[in-house]
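K.L.:
build me a structure from this.
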Amino acid sequence: MAVGDGTGRGGDTGRAAGSGGGPHCDSGGPTPPGPADAGAESPVLESPAAESPVAEGTAAEGTAADGTVAARRRLVVAALMLSMALVALDSACVSTAVPQIVGELGGFSYFSWLFSGYLLAVTVTLPIYGRLADARGRKPVLLIGSTVFLIGSLLCAGAWSMGALIAFRLVQGLGGGAIQGTVQTLAADLYPLERRPKIQAALSTVWAASAVLGPAVGGLLAGYASWRWIFLINLPVGIFALVLIQRHLREAQVDRRKRARIDWAGAVGLFLTTGLLLFALVQGGVAWPWLSAPSLACFAGSVAAGVATFLQERRAEEPIMPGWVWRRRVIAGVSLALGFLGVLMIAPMVFLPTYAQSVLGLSPVAAGFVLSVWTISWPISAALSNRVYRRIGFRNTALIGAVVGTLLLAVFPLLPYRGPAWQPALLMLLLGAGLGLFQLPLIIGVQGSVPWHERGTATASVLFCRQVGQSVGGVLFAVIANATLTGRLHSAPASLRGALPQGLDKTASALLHDGGLSGAATDYLRHALASAVGHVYLGAAAAAALAVIVLATVAPKRFPVVEGEQT
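P.N.:
Numbers count the residues shown, from 1 in each chain. Reported below is the predicted structural model:
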């Protein structure tokens, strides 16, 4: 294995770049490693400018085969972007078509599980797919996961009731977990360290474009065709991506490594532990009170399953969640930091559109624009982050982004009441730039700190923590918003108290749909809702501040960088 020497040049880099260490995009076999590569892996200190050569299994740079290899790799990248677009567009389109879906299938009281169920399935399967990708290779996991997602899409298109549609969305989520984690891992396999921000930024752009185009596409299909086409259009796109991956992606390592045994008992235990926890968080305070028997039973079941899973993982030969994930400061620190990132992201994603429409009086389109501007600055900032972390390191770059995010989130409650829309839009634009510096260097740093056969597990672990953070954030901020709003409504003047709606949903609905309120009542509700959203943003700022503390104390100042990973 070649290692960074602190100068930006890996030890014997020229030879390492041709050794087996990643996927390649030609039809040839693996290139055997040189004699010096057969030794044990050694820890190295991070050089911010260091590269991590990725084995292509192809001819050396400058040969006639390079053009073919580059073309094949571009096709693989296109397939990865299409695969990511499947999961990114799907939920954005479905959210717009909810009225049409409910109108045909009914089930309004539990339609939210169209999203919660999907998110739960994606979250609980991420670590499992990450381990499978390391043990069996990225390609089969991505192919199987994409196939499951497409089968779920076809089933969703034929759903006959809301219950059936929710069940089929769970099937989609089981495939979506494989797509999200494996695409991120393959992006690291295909490119050396210095070029990874570009491919990761391209994947971020897919999410950004989906956030903007998804509602429009979903609205058009639901309004002029049928909501079922939202799921059917996944089929040709997904099949095309599958063909590209099958034809052009080759993995040299899996053929020459001993096939690892999968800890299926640990996988089931992890699934139950996480699934029960997220189910309790989603349903608590909505379907039943937090201290009710169902809620306590879910939490107790999650704890029991967690203990059983821990004991199973300790004795498993190939644990599904290896202990080294939490023993290494890099992965542990990044996992915690991205967990707090998941929490803080919920504040603008969920509450800003309500604020823009109910408080500022913007149309849905204008409110969507206020939120979507961060999807413009986020991928641009991420793409340029390598110019920063190559100078000051991964952790310090992420620290800058987290500090910027903390300050911007804390400024939001200071905005003037019913001020101009450009003010929150500007904050979101700057917040996207800060979070681009926060998230991407951490993911790339983790991927660069592990060899090929650990990269899938490491990537899935940090993404898993971010997903769990989003679930926790959704619950936490809903509690904060409702508590603030309830307090303000209870302290309303006696002349208004009887006419005011109770609860976040009813308040927002009354403001959006002209609930027959007087001018004084409407103004009071807007003030109350602005206060509630302001408290949510303060909670998000606290989460960002905790991420700063974690990065400064838990994550190491310099990440180890493994170059020319050898399995």
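K.L.:
and the strands in this protein?
P.N.:
With strands called from DSSP state E, the chain shows them at 2-3, 23-24, 250-251, 562-563.
K.L.:
worst mean pLDDT among those strands?
P.N.:
Per-stretch mean pLDDT for the strands of the chain is lowest at strand 2-3 (a mean of 37).
K.L.:
check the spacing between residue 299 and residue 532 real quick.
P.N.:
27 Å (Cβ to Cβ, to the nearest Å). No exception for glycine: its C-beta is placed from N, CA and C like everyone else's.
K.L.:
higher neighbour count, these two?
P.N.:
residue 532 (26 against 17; other Cβ atoms under 10 Å).
K.L.:
for the more buried one, give me its contacts.
P.N.:
480, 481, 482, 484, 485, 488, 504 (Cβ atoms under 8 Å, 6 or more residues apart in numbering).
K.L.:
kindly reformat those residues as a markdown table containing pLDDT.
P.N.:
Formatted as a markdown table, the contacts of residue 532 follow (pLDDT from 0 to 100):
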| residue | pLDDT |
| --- | --- |
| 480 | 87 |
| 481 | 84 |
| 482 | 80 |
| 484 | 86 |
| 485 | 81 |
| 488 | 80 |
| 504 | 58 |
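K.L.:
next, give me the two most distant ones among the residues you listed.
P.N.:
The distance between the two most remote of the contacts of residue 532 (Cβ to Cβ) is 12.7 Å, for 480 and 488.
K.L.:
assess the claim that residue 346 and residue 475 are in contact.
P.N.:
No. Applying Cβ atoms under 8 Å as the test, residue 346 and residue 475 come out as separate, 9.2 Å apart.
K.L.:
okay, those two: which has more neighbours?
P.N.:
Neighbour totals were compared for residue 346 and residue 475, and residue 346 leads with 23 against 20 (other Cβ under 10 Å).
K.L.:
quick one: low-confidence ranges for this protein?
P.N.:
1-67, 108-111, 252-261, 286, 494-519, 563-567 (pLDDT under 70).
K.L.:
go ahead and confirm residue 455 touches residue 444.
P.N.:
No. Residue 455 is not in contact with residue 444 according to Cβ under 8 Å; the separation is 11.3 Å.
K.L.:
got any residues that touch both of those two?
P.N.:
What both residue 455 and residue 444 touch, as defined by Cβ under 8 Å, 6+ apart, is the set residue 188.
K.L.:
could you report the neighbour count for the residue lying closest to residue 378 once chain neighbours are set aside?
P.N.:
What sits nearest to residue 378 in space, not counting adjacent residues and going by Cβ to Cβ, 6 or more residues apart in numbering, is residue 432, at 3.9 Å. Using other Cβ under 10 Å, residue 432 has 25 other residues around it.
K.L.:
now the closest residue to residue 272 other than its chain neighbours: how far from residue 124?
P.N.:
In space, and not counting its chain neighbours, residue 272 is closest to residue 305: 4.1 Å by Cβ to Cβ, 6+ apart. Taking Cβ to Cβ as the measure, residue 305 falls 11 Å from residue 124.
K.L.:
likewise for residue 431?
P.N.:
For residue 431, the distance to residue 124 equals 29 Å [Cβ to Cβ].
K.L.:
who has more neighbours, the two?
P.N.:
residue 431 (30 against 26).
K.L.:
tell me which residues in the longest helix along the chain are buried?
P.N.:
Ranked by residue count, the top helix of the chain under DSSP state H comes out as helix 452-490. Neighbour counts over helix 452-490 (16 or more other Cβ atoms under 10 Å) mark 452-478, 480-482, 484-486, 488-489 as buried.
K.L.:
just stretch 193-213 next, same as before
P.N.:
Buried, per 16+ other Cβ under 10 Å, within stretch 193-213: 193-194, 196-197, 199-212.
K.L.:
and the nearest residue to residue 207 once chain neighbours are set aside, what does it touch?
P.N.:
Once flanking residues are discounted, residue 207 sits nearest to residue 88: 4.9 Å by Cβ to Cβ, 6+ apart. Residue 88 is in contact with 206, 207, 210, 211, 214, counting by Cβ under 8 Å, 6+ apart.
K.L.:
about what we covered before: so which of the contacts of residue 532 is the closest to residue 102?
P.N.:
residue 504 (20.0 Å).
K.L.:
sorry, back to before: show me the contacts of residue 88 that map onto helices.
P.N.:
Per DSSP H, those map to helices at 206, 207, 210, 211, 214.
K.L.:
isn't the last one up against residue 87?
P.N.:
No. With contacts counted by Cβ under 8 Å, residue 214 stays clear of residue 87, the gap being 11.1 Å.
K.L.:
of those two, who's got more company?
P.N.:
Neighbour totals were compared for residue 214 and residue 87, and residue 87 leads with 26 against 22 (other Cβ under 10 Å).
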